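Q: have a look at this fold, sequence not included:
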């Protein structure tokens, strides 16, 4: 809990500093916080796994191009009004966590070494692979358990290609 509080405080401080910065400094701060400083979203391996049309099919609404997220370890897609969002993140296997205390949490079989799904900020799912932990989230009116499981399965399959 304390590390979460510290992370929130650091992020709040960085955001406040970025809000006061002007021009290029504001852009540099934003890039560092979103992960864009690590390269363009077009080069982000997670952003390259899915087209906006494919993500839109999971959400039931058209989305724009993927944007760097999670310090460059992930990609997010949103619609123009930010009513729906999809997120795909790949991190080291040691960072695999299961939100087992979330009401509705379920373990999944047949996806990686371990996998789960839970209704959390929309619907989230994750899988532990040999080389990574893959986490996905769908948030929006049409997001549901079946869609997020399908998104996870497809992300895992495409990472292997």
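A: Arrived safely. The structure presented is a predicted model; accordingly, all values stated were derived computationally and were not measured.

Q: the strands in the chain, which residues?
A: In the chain, the strands defined using DSSP state E lie at 67-69, 74-78, 85-91, 106-108, 114-118, 123-128, 133-139.

Q: of all those, which lies closest to residue 99?
A: Residue 99 sits nearest to strand 114-118 of all the strands of the chain, at 5.2 Å, using CB to CB. The C-beta positions use only the backbone N, C-alpha and C, and glycine is treated the same way.

Q: surely residue 142 is in contact with residue 57?
A: No: using CB atoms under 8 Å, residue 142 is not in contact with residue 57; the gap is 10.2 Å.

Q: which one of those two is surrounded by more residues?
A: residue 57 (16 against 12; other CB atoms under 10 Å).

Q: okay, the strands of the chain in a markdown table with mean neighbour count, mean pLDDT and distance to residue 160 next?
A: Compiled in a markdown table, these are given as follows (neighbours: other CB atoms under 10 Å; pLDDT from 0 to 100; distance: least, CB to CB, whole Å):
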| stretch | mean neighbour count | mean pLDDT | distance to residue 160 |
| --- | --- | --- | --- |
| strand 67-69 | 21 | 92 | 22 |
| strand 74-78 | 24 | 96 | 18 |
| strand 85-91 | 23 | 96 | 12 |
| strand 106-108 | 13 | 98 | 17 |
| strand 114-118 | 21 | 98 | 15 |
| strand 123-128 | 23 | 98 | 12 |
| strand 133-139 | 24 | 97 | 11 |
